[in-house]
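> got a predicted model here, sequence first, then my questions.
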Amino acid sequence: MAAAVETQGLAKTYPGGVRALAGLDLRIERGEVFGYLGPNGAGKSTTIRLLLDLIHPTAGRASVLGIDSRLAEARRAVGYLPGDLRLGDRMTAREQLDSLARLRGGVDPRLREELCDRFKVVLDRPIRHLSKGNRQKVGIVQAFMHRPELVVLDEPSSGLDPLLQAELRTLLRETAGDGRTVFLSSHSLDEVQHIADRVGIIRAGRLVDLDSVDRLRERALRHVTIVFAEPVEPERFVRLDGVRLDHADGSVLRLSAPEPAMDAVVKEAAAHRVVDLVSQPADLEEIFLELYEEPDAS
Amino acid sequence: MPAELIRRGLLDHRRALLGWCLGVIGYTALLASIFPSFKGSADLQKLVQRYPDALKALLGLSSGSFATGPGFLDAELFSLMLPLLVLVLAIGSGARAYAGEEEAGRLELLLSYPLRRRGAVLAKGSALAGEVVVFCAVGFGSLAVLSAIFGLDLDFGRLAAAMGSLAVLGLFFGWLALALGAAFPSKVLALGISAGFAAAAYLVGGLHSLAGWLDPLRFLSPFWLVGQSPLEDGVNGWGILVVLAASAAIIGAGAALSERRDLETP
């Protein structure tokens, strides 16, 4: 089966010379929850809008569910929740969903109703009177009501309370469990790390990292503090692969080490008399921020 | 062309359209109710004859008489007020339908659905045509009833043709505004160019016979092409066909150009 999303050298430079995306190569398999992470203005929405043919690439190409993204047909089995959702303000949510369902050429009314129940959509008040969170729920329902093969969500949790955020996470896991695909864009790792199988991190229009969440966690550094009975030479630890010395004060060592280096660190420490050893859990946020802050890869 | 977008386009503008229809009924009723005091007045006829030629040309008084129903309505309604109403309705609706919706950010979700942009433009164009036709039909109905009440002596065939020519004018300028908004992401530009062209075309249509250098430009004026004293002189059939063909070409070009550009985010 064709990949859910595939791009080759996909690039977008806006008139005026702003390079929003520089040659993106990405392949997202079916049944995957893909987290697309980056700070604001990194090119996340540009990528999504290219995939949906709302804007046209200056170079490269993209296919969605095996169909060239420039064709309307490619969007038939796609659901989209925009980052800045604008609905028909005078309509009620029910009228809006009716209208969008007709535009789809009909959807299963039971699935739609089930989604409305699940997310407690306020159906019979004009949308202009709804809060941001209540509008967002309408957006979620319309993105899922036709059982799409690919759902593209741009910052979906904004405005949702924690309970509904959890409900959305459950829905995303179910969707992937059915073999369908979720493309989840966010600027917050927290929103993505518990549901995504893989994450891509984008900065200034370039994909700077692409890895599974498990591997990212592995790569994330542990902060290890070892207290020895007598002073030790820090160099014995620094020469270990991946280990960084944060602080050395006679018999107290503070190190940063990725998970695979932990074994070597402990074995080296065991050569001395150890008073205490503390290892703080992996912090994904840190590696994420590190990637954010690196100077431009170009 | 997605039928849902036509339906939506009509429903979204239904309140405004209702207002316009009530407005045209009220205005025509007001005007028709003062006609009996003009009817058959020879003094008035003499007064009008002394108007400067430019004024007579603009007011549509050149050929006819103020003292007959058709002459009175050509001068008071069809020379300025009705075209103005139809054009404001059509240009406003055309500029709102695409460029306005785009600026409000509402096209983002719509165009993520599996429809072609040109289909969306044509659907919105159809909805606009519906609005213009409803407005002109209401104007026809209103004048037909008023004619019987106030003795305007209107020929219903001519009245229908006159309202039809008005609808064609509305279609032309409304589709121009819609097409401009589809081709370029600016509601102000769509409104401005359409309204500016309408104003210029109106002046050329009214004054070409007085200012020699304007005369060759009359072929570019939809007002001149459809005929400017429709109740007294009848409409110009081939001119209407030319304006219709131009309208179709404009909306077609707008639909094609909409595919080429990026959708703007608000």
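The structure has been received and is ready for your questions. None of the values given here were measured: they were computed from a predicted structure. Numbering: from 1, shown residues only, chains lettered A, B, ... in the order given.

> give the residue spans of chain A that score low on pLDDT.
Within chain A, the ranges that satisfy pLDDT under 70 run A:281-283, A:294-298.

> with the stretch 1-150 of chain B instead?
Looking at the stretch 1-150 of chain B by pLDDT under 70, you get B:58-64.

> who's in contact with residue 1?
Since no chain was named, I'll use chain A. Shown in contact with residue A:1 (CB atoms under 8 Å, 6 or more residues apart in numbering or on different chains): A:30, A:66. For the C-beta atoms, the positions are set from N, CA and C on the backbone; glycine is no exception.

> wait, chain B was what I had in mind.
Residue B:1 sits in contact with B:119, B:122-123, B:126, where contact means CB under 8 Å, 6+ apart.

> how near is it to chain A?
Distance of residue B:1 to chain A, computed by CB to the nearest CB, to the nearest Å: 12 Å.

> spell out which parts of the stretch 101-250 of chain A neighbour chain B.
Within the stretch 101-250 of chain A, the positions near chain B by CB under 8 Å from any CB of the partner chain are A:102-104, A:139, A:142.

> ranges for the helices of chain A?
For chain A, the helices defined by DSSP state H occupy A:44-51, A:93-104, A:109-118, A:132-144, A:162-177, A:189-193, A:213-219, A:235-238, A:262-269, A:284-293.

> which one of these is the most hemmed in?
helix A:44-51 (a mean of 25; mean count of other CB atoms under 10 Å in any protein chain shown).

> what is that helix packed up against?
Helices and strands touching helix A:44-51, by 3 or more CB pairs under 8 Å, 6 or more residues apart in numbering or on different chains; DSSP states H and E, are strand A:5-14, strand A:18-28, strand A:33-37, strand A:59-64, strand A:150-154, strand A:181-186.

> output these as CSV; include the columns distance to residue A:93 and mean neighbour count.
Shown next, in CSV, are these (distance: least, CB to CB, whole Å; neighbours: other CB atoms under 10 Å in any protein chain shown):
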stretch, distance to residue A:93, mean neighbour count
strand A:5-14, 30, 19
strand A:18-28, 31, 18
strand A:33-37, 27, 25
strand A:59-64, 28, 19
strand A:150-154, 19, 25
strand A:181-186, 23, 25
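
> dump those to JSON lines, plus distance to residue A:167.
Formatted as JSON lines, those follow (distance: least, CB to CB, whole Å):
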{"stretch": "strand A:5-14", "distance to residue A:167": "25"}
{"stretch": "strand A:18-28", "distance to residue A:167": "24"}
{"stretch": "strand A:33-37", "distance to residue A:167": "16"}
{"stretch": "strand A:59-64", "distance to residue A:167": "26"}
{"stretch": "strand A:150-154", "distance to residue A:167": "14"}
{"stretch": "strand A:181-186", "distance to residue A:167": "15"}
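
> for residue B:13, find the nearest of these.
Ranking these by proximity to residue B:13 (CB to CB) places strand A:150-154 first, at 29.8 Å.

> sheet-wise, list the partners of that closest one with their directions.
strand A:78-81 (parallel), strand A:181-186 (parallel) (DSSP bridges).

> re earlier: which pair of the residues of the stretch 101-250 of chain A next to chain B spans the longest distance?
It's A:102 and A:139 that sit farthest apart of those, by CB to CB, at 17.4 Å.

> which residue, other than its chain neighbours, is closest to residue B:125?
residue B:251 (4.8 Å; CB to CB, 6 or more residues apart in numbering or on different chains).

> any idea how far the helix or strand containing the one you found is from the chain center?
Assessed by DSSP states H and E, residue B:251 sits inside helix B:237-258. Centre-to-centre, helix B:237-258 and its host chain are 14 Å apart (CA atoms, centre = their mean, to the nearest Å).

> repeat that for stretch A:22-34.
With CA atoms, centre = their mean, you get 11 Å for stretch A:22-34.

> can you list contacts of it?
Outside stretch A:22-34, the residues within contact range by CB under 8 Å, 6+ apart are A:1, A:3-11, A:43, A:47, A:59-60, A:149, A:172-173, A:175-176, A:178-184, A:195-200, A:205-207, A:210, A:298.

> let's go with 7 Å and repeat that
With contacts defined as CB atoms under 7 Å, 6 or more residues apart in numbering or on different chains, stretch A:22-34 is touched by A:1, A:3-11, A:47, A:60, A:172, A:176, A:179-184, A:195-198, A:200, A:205-207.

> to residue A:254, which of the helices of chain A lies closest?
helix A:235-238 (10.3 Å).

> report all helices and strands that the closest one contacts.
helix A:262-269 (3 or more CB pairs under 7 Å, 6 or more residues apart in numbering or on different chains; DSSP states H and E).

> tell me which residues are up against the helix or strand harbouring residue B:92.
If you go by DSSP H and E, residue B:92 is part of helix B:81-95. If you take CB under 7 Å, 6+ apart as the criterion, helix B:81-95 is touched by B:13, B:20, B:24, B:27, B:128, B:131-132, B:135-136, B:139, B:166, B:169-170, B:173-175, B:177-178, B:181, B:187, B:190-191, B:194-195, B:198, B:223.

> quick one, that helix and helix B:237-258 angle?
Inter-element angle recorded for helix B:81-95 and helix B:237-258: 20 degrees (by axes from the mean of the first three to the mean of the last three CA atoms, to 10 degrees).

> centre of the chain to helix B:81-95, how far?
That offset, for helix B:81-95, works out to 6 Å (CA atoms, centre = their mean).

> and the helix or strand following it with chain A, contact?
Downstream of helix B:81-95, the first helix or strand assigned by DSSP H and E is helix B:101-103. No: using CB under 7 Å from any CB of the partner chain, helix B:101-103 stays clear of chain A, coming no nearer than 9.1 Å.

> so which elements touch helix B:101-103?
Contact here means 3+ CB pairs under 7 Å, 6+ apart; on that basis helix B:101-103 packs against no helix or strand.

> contacts for the helix or strand following it?
Moving toward the C-terminus from helix B:101-103, the next helix or strand (DSSP H and E) is helix B:107-110. The contact list for helix B:107-110, computed with CB under 7 Å, 6+ apart, reads A:54, A:80, A:82, A:85-86, B:101, B:120, B:263.

> just the buried subset of the contacts of residue B:1, written out for PyMOL, thanks.
Only the buried entries of these go into this PyMOL selection, using 16 or more other CB atoms under 10 Å in any protein chain shown:
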select buried, chain B and resi 122+123+126
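
> all good on my end, thank you.
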